[in-house]
Structures are given as C-alpha cells and as structure tokens.
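A.B. asks: Quick check, what structure comes out for this input:
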Amino acid sequence: MNTCTCLTLLVSVDLSRTKTARCSNIFGSFVAAQTGFLSLKNPDNHTMPTVSRRRSRSAAAADHQQVAKPAAVSTPSTPENGYDPAPGDIVWAKLAGYPWWPAEVCDPKANKQGTALLASAGAGKHSKLCMFFGTNELGVVGAGKAVPFSSPPPVVPSAGTKRSRKYQTALKEARLAFGDDHSVEEEPQQHKIRKRAAAVDNDDDDGDDGDDSDGCDVSPPASPILEPATTDVEMQRLALIRQNEAVLASLNLPTAPKPTPQALKPTQRGISSKRKSSQPVPRRQSSRLRGLGVDGTILPETPDTSFPVSTDESLREERVESEFALLLGADGARELHLKKVRDDKRAQAQAKRGATSAEDQPAKQDEETEAEEEEDEGDAAPRQIREAFDVLLRQQARAVKPIVLRSPMDKEKYEKLLPKYSLVDTAVAKVVKDRIYSMAVHPSTDKLLVLAGDKWGRLGVMDVGKPDGETCAASFRLHGTPLTSILFDSNNPAKLYTSAYEGVVRAINFESGQTNAAMLVDDDAQLSYSDLDVQRSCLYGALSNGQLCIADVKQGSTPVNVLQAHNRKTSHVHVCPSNNNLVATSSNDHTVKLWDARNLKPKAALATLVHNRAVSSAIFNYAGTKLVTTSHDDFVRIWSDMTSGQPNAAPTRKIKHNNHTGRWLTNFKAIWDPMTDDHVIIGSMGRPRSVDIFDATTGKRAVKLEHDELFNSVTSLHACHPSAARAVIAGGNSSGRIFVWQNHSL
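C.D. replies: You can find the predicted model right below:
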C-alpha cells in the first residue's frame, strides 16, 4: 500500500473514532513522538497541518522524542507478581526514582529506538518497553515493575504528584486508552493506533526510500469533534454541586464585598522636573533685554559685557552682592548668577575638550546654553509656588522668637517615646531635584518647615503636612555648586546662612528679603562645611585644602584668620553649643582635632582623636559633654569628658555601623537628638531601609524607624527641630526627597 494512502487512512480512522479535542491531542502527541510526521498544534481549531512523508519516520522520531533515562533493571527468570503484560496493554509502571505511572506496553520490534534502548539498558528476559502517558517518553521497566491498570498501583502516589498537571493528564489519557469511561465507542483505542503507526513505520522502512513518490503533500480530512461524554462519577459530583448551591441560595446569605487594596503607592509629592503647567507663563524680559529702547525703537547692538575676573577682593565682593541682591523672585540677579555658572561650565568643558575650531565653537556654545536653560527651567517649582513660599518664609521670620533649647528629657522617658514616631504620606515629598547635601528644620513652633540643599546649590523648602502634593514644596537657586550647610542664627532666626563649594557663605534675611556675602574664601579651595558662632558673630569654614578659616560677619566677608588645621581635606567643623571656645574639626587625614577658639594656631590643638580612616563629621551634644564622630572605618565613636577639651585617648563607645555609602550617596553624619543628651541619629544601609537611633551610653540600638510602604531609600543626612519644641526627625536621600518622622504625643 502506498505510504501516503496508509497515513491518510490512519488519520481518517483515528479522527472518526476521536470525538473530543482531548483525544485529538493524545493522537497528535503520539504520532509526533512515534513518527515525527504529524503535530496537532491546536486541536481546538479542528485543523491539522500538512503531512509530508519525504523524511524517514525513524529519523523524525529521533529528533522530536524525549526518552526517559533507563533505570537499573532486575532480571529474575519470571515476573514476581506472575503478571506478564503484552504489547498494547495499559499498566501501572515503575521506574527507579519515579512514582508509579500509567503507561502502555510497546512492541520493541515495531520501534527501532525501543530496540536500541533495550539493548543499552541490558534488559532481562521479562523487561518491558513502555511508553508513559502524559509525557510520551519511553522507558525500560524491569520484571515485577508493571501491574494491570485495572488494579490500583502498589504504592499510592503522593498528594503533590496527584495534584500535578502531568499526572492528571496521564491519568485521563490512560483511562481513555483503557476504555474506562463507559463510552468506548467514542474513545480512541490507543494501543491499536500505536500498532498501526508502527506498521506504517515498518512499511516505510522496508519499501520506501523517501524518493519514489511524486513529492506531493497529503492533508488528512478534517473531522468534527464532539463534546466529551460524562462519567457516572462526574454526574454525581455535578449533582452534589447543584444541591449545595441550592442550599446556599435558600439561606439568603449576604455576599462579602471584594477587599480593596489599601497599600500606599509611592508618593509623588513635591517638585517634579516632568510636571508642566497647564498654562505656561511666558518669561518676562525687560525692554533692554529685548533690544528695545524706552520709546520702542530698536537699540544698536552692544558688545557682551560679562563680569571681568578681578583679584581685588573689594570688587569681587561687590560683584557677588550684586548677583545676589535679592533672595526670592529677583529675576535679574538670578539670570546674572546663571550666566556666570554657564560661563564657568563652558570654560571647563572647553578646557577638557581642548582647542576647537572657530566655526564649531559658537554652535556648541548655543547648544550648551539652550540645554542649561531647559534644565534650569524644570529644576524648581512654578513661579507662583515660589512666591507663595516667599510670603510664608517672611511671615514665619516675623513671628519666630530666639531659639532657646528646652531642658533634656529623661533617658527612660525618651526611649518610651521612640516607638511612637510615625511617618505619613503628607510628610514625604521631593523638595530638590538632586542629591541632598545639607538639611535643617526651621525654628518656627507653629509651622513645621524643613529645608534642604542639593548638589547644584538649590535650597528646597517643604511645608510638612500640607495636603496638596504639588504646592507642598518649592526650591530656589542660591548657589551653583553643592550647598553644604544651612545654619539659623539662634539670636535672630530670621537670618539664614548657607555655604557652598564655590567658597561663598551667604547671609539671607527673610524678614527684609535681602542677602549678602558673609564670607568669601580662595577660589582654589572648596568650602566643605561652615558653622556659626553666634556669641562672637563669626563664621568657621572648613576647606578642602585642610585649612580652617574664620570670618567676622560684622567686619566683612574677608576671613580674619586662616589656619592650616589638617594635612588633607577638612570635612566638618562644629562649635560646641554650651562652650563657644571649643571647636572640633574632622578631616580625611583620619583625625579629629579640638581647638581653643582664643588660640587658633597650627600646632595649638587641644587634642587629636585618631581614627582608622577618613572622618566625615564630629559633632558635640547640646550639653557639650560628649562628641560623636562618623568614620569610613565603619564605626561611630562616642567621646566623653569634653568639657575641659581634654577627652580620653580612647572613645567611650565604639558602635559598629556600615558607613560605606559609596559614590552616589552622601556620607553619613551622626547627629545628636536635642531632646536628650544620650542618643544619636544616623542613616542605615541595611534592608529593610531604616533610621538608626543608638544609645550613646550603652552603644546599643534603641530603635529602628522604618515603614514598609513609604520608606524605601537611604537617608544619609538628618535634622531635628533646633529648640526641641517638636519631636521631629527629618531625613533626606540622594534623590532630593525628604521624610519627616513625627511624634504627635508631645
């Protein structure tokens, strides 16, 4: 018989008997595994792809068939249970390492691959070649490892095996092949189909070389697929389901509402560089900038009059004051400052690129200018929001009183209040665009305002608790380099001091709206940090070249004294709150030095506290009795007996803490909580993210402030209310976002 005719007849006979999509899937899987010819990709669409007989059935079966690894076979002379299955029987078969599984005994003579498998496994006389349902894999089953399918398996499969999809599929296929569905007429006889497929394989191997046909493809006729029949057990199960549904309906029970998820989404409060105003406000320009005269006539072109660089400090001071004439809403001063920043960036970029052609240089300058202007336009809140915060800051400046620190709280009482700190969504907002380098809490007692300085000199202000997420924060461009410190004058809280890497300390008076340069340092050195001595009215500046400079804010911006305090960068400076004669400086040269403000000389340090690596900060507690230092050697150290300026050579406590913030995070700086003299606050690199509060007396962690939904980043810097009138801990991360923990029980 011609092979194409035989295959067409085989498919037609099978499809006439298979009245269900399930049977079609079984037949397609079997023929694909045994002959490599037929693959029913989607039995639901009642169509099958064209069948080609050009290729040998045995070669196709070797490509598509997955063969199970044969197990070790025992070879007694006779089967242990007295049962010797014949080819085509449906059995429960057992392979070593696998559970009992439904399978069909195959004739090894009708399958060359099965013969090779038996030979390679060293099968005995009573070993059988079986094809397992559900996977269509071949395996050699030893004597006594096959029992009739009509009886239960010797070992019942586990509950997990029974629930598996492969086992359920194998069981259904075995029942259909065994005829255990009371509808034998509508079910395929799988063993007969496999015998016919094997006969077709033998016929093709014996008399067909793959080239004697005309090369035509044969498509078997489609056959209608009927709904599968239902067993008696299935009918009983459905009847019980309907009976139970009727009983439940008669009870008239109320239906439970679907639970709605209450998880908080990541907050998007505060400023956003992607936010665009629905009605963009055009940028205002004067007639002079538009090239028009007073009467509207076009003015002649004038050469660029940028500010010349002068070594005269008086001229330089005058230039800085003119650039920062007003704090908020001063478009002219802001534009002059941005122009200077753009010129500096352009000069640095040109120095890196080297000499460029005269033709390309103007075009590149224009592109850079446009890009910087676009970046600047999106870095702050809209103008109306900044103006609203301008009014708010002026109002608070008039109402605020001099800062008076409340008496410290008892240690036990303070630790009982720590678990009551909470974080709500209205206390989280993006305040500045980039990484936060400095933080402070406004001294106001009736309004909670948090300030932050970022990488590009912006000062951000957050109105904590304001429900409107778009108007709760605003940022202002005050400097062109990282804003490293924010200081309030305790005698006059309406005055604010900000310092930046560019070497300028600005004094801002919120009440009058004026600003001036309080201190100017050498351009070659960066201003790492600054601190204010209110009683002496002087500023201390820590410089990147290891110097410590002092300026009298009443005499002018020129430093009156410059001290070479360290061999490497001076990272931090702090004046003792209770004794302004005591000053501490930290450095990258692994030391912290204590100085007498009345005798500031290079070799006149009162004490030198040695660390293993660079030290990022050294801060006194508010009583002036202890000092906390944060070092890159993964320790937070507590030094006692600071009243005399001669502390012990070794720290009182060494707290192990991961301080490796890496390149993209601001260095940790442990601070004291003003509500007590015995607890320090520092960020954490651990997961889940948290804020660590340690007991400086015992060195143990008192509490971890964490929130599963709202708090998921590292806050490197923290700030508290300067007068401790509010139980507030504000933290800032490297994306410009502020998190404010509050204790409302006080």
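
A.B. asks: can you pull out the strands in the stretch 451-600 of the chain?
C.D. replies: 458-463, 473-477, 483-488, 495-500, 504-509, 514-520, 527-533, 538-543, 547-552, 561-564, 570-575, 582-587, 591-596 (DSSP state E, counting those that start in this stretch).

A.B. asks: Need the contact partners of the strand or helix carrying residue 162.
C.D. replies: Using DSSP states H and E, the element containing residue 162 is helix 159-163. Helix 159-163 is contacted by residues 99, 167-168 when judged by Cβ atoms under 8 Å, 6 or more residues apart in numbering. Heads up, the C-betas are built off the backbone N, CA and C, glycines and all.

A.B. asks: cool, stretch 696-709 as well?
C.D. replies: By Cβ under 8 Å, 6+ apart, stretch 696-709 touches 263-264, 411, 415, 418-419, 421, 423, 621, 626, 628, 638, 652-655, 678-680, 684, 688-695, 711, 729, 741.

A.B. asks: got TSV for the strands of the stretch 451-600 of the chain, with mean neighbour count, distance to residue 438 and mean pLDDT too?
C.D. replies: Converted to TSV, the strands of the stretch 451-600 of the chain look like this (neighbours: other Cβ atoms under 10 Å; distance: least, Cβ to Cβ, whole Å; pLDDT from 0 to 100):
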stretch	mean neighbour count	distance to residue 438	mean pLDDT
strand 458-463	26	9	94
strand 473-477	25	13	90
strand 483-488	23	5	96
strand 495-500	24	8	94
strand 504-509	22	12	91
strand 514-520	21	16	87
strand 527-533	23	8	94
strand 538-543	26	13	95
strand 547-552	22	19	94
strand 561-564	16	23	92
strand 570-575	24	11	96
strand 582-587	26	16	96
strand 591-596	22	20	95
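
A.B. asks: Could you dump these into JSON lines with distance to residue 384 added?
C.D. replies: Shown next, in JSON lines, are the strands of the stretch 451-600 of the chain (distance: least, Cβ to Cβ, whole Å):
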{"stretch": "strand 458-463", "distance to residue 384": "15"}
{"stretch": "strand 473-477", "distance to residue 384": "10"}
{"stretch": "strand 483-488", "distance to residue 384": "24"}
{"stretch": "strand 495-500", "distance to residue 384": "23"}
{"stretch": "strand 504-509", "distance to residue 384": "21"}
{"stretch": "strand 514-520", "distance to residue 384": "22"}
{"stretch": "strand 527-533", "distance to residue 384": "32"}
{"stretch": "strand 538-543", "distance to residue 384": "34"}
{"stretch": "strand 547-552", "distance to residue 384": "37"}
{"stretch": "strand 561-564", "distance to residue 384": "44"}
{"stretch": "strand 570-575", "distance to residue 384": "38"}
{"stretch": "strand 582-587", "distance to residue 384": "42"}
{"stretch": "strand 591-596", "distance to residue 384": "46"}
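
A.B. asks: For residue 105, find the nearest of those strands.
C.D. replies: Among these, the nearest to residue 105 by Cβ to Cβ is strand 473-477 (77.0 Å).

A.B. asks: same for that closest one, what does it pack against?
C.D. replies: Secondary-structure packing of strand 473-477 (3 or more Cβ pairs under 8 Å, 6 or more residues apart in numbering; DSSP states H and E): helix 331-353, helix 383-399, strand 458-463.

A.B. asks: who's in contact with residue 434?
C.D. replies: Shown in contact with residue 434 (Cβ under 8 Å, 6+ apart): 454-456, 458, 735-736.

A.B. asks: What of residue 534?
C.D. replies: Residue 534 touches 489-491, 580, counting by Cβ under 8 Å, 6+ apart.

A.B. asks: Pick the one among the residues you listed closest to residue 498.
C.D. replies: Closest approach to residue 498 among the contacts of residue 534 (Cβ to Cβ): residue 489, at 12.2 Å.

A.B. asks: burial count for the closest one?
C.D. replies: Residue 489 has 19 neighbours, counted by other Cβ atoms under 10 Å.

A.B. asks: That one - nearest residue in space that isn't next to it in sequence?
C.D. replies: Among residues not flanking residue 489 along the chain, residue 495 sits closest, at 4.3 Å (Cβ to Cβ, 6 or more residues apart in numbering).

A.B. asks: That neighbour reaches residue 509, doesn't it?
C.D. replies: Yes. With contact defined as Cβ atoms under 8 Å, residue 495 and residue 509 form a contacting pair (5.2 Å).

A.B. asks: how near is the nearest residue to residue 551 once chain neighbours are set aside to residue 549?
C.D. replies: Closest residue to residue 551 apart from its sequence neighbours, by Cβ to Cβ, 6+ apart: residue 519 at 4.0 Å. Taking Cβ to Cβ, to the nearest Å as the measure, residue 519 falls 7 Å from residue 549.

A.B. asks: repeat for residue 593
C.D. replies: 15 Å.

A.B. asks: What of residue 448?
C.D. replies: Applying Cβ to Cβ to residue 448 and residue 549 gives a distance of 34 Å.

A.B. asks: Residue 138 too?
C.D. replies: With Cβ to Cβ as the criterion, residue 138 and residue 549 are 86 Å apart.

A.B. asks: do the same with residue 347
C.D. replies: 26 Å.

A.B. asks: Ok, residue 179 next?
C.D. replies: 99 Å.
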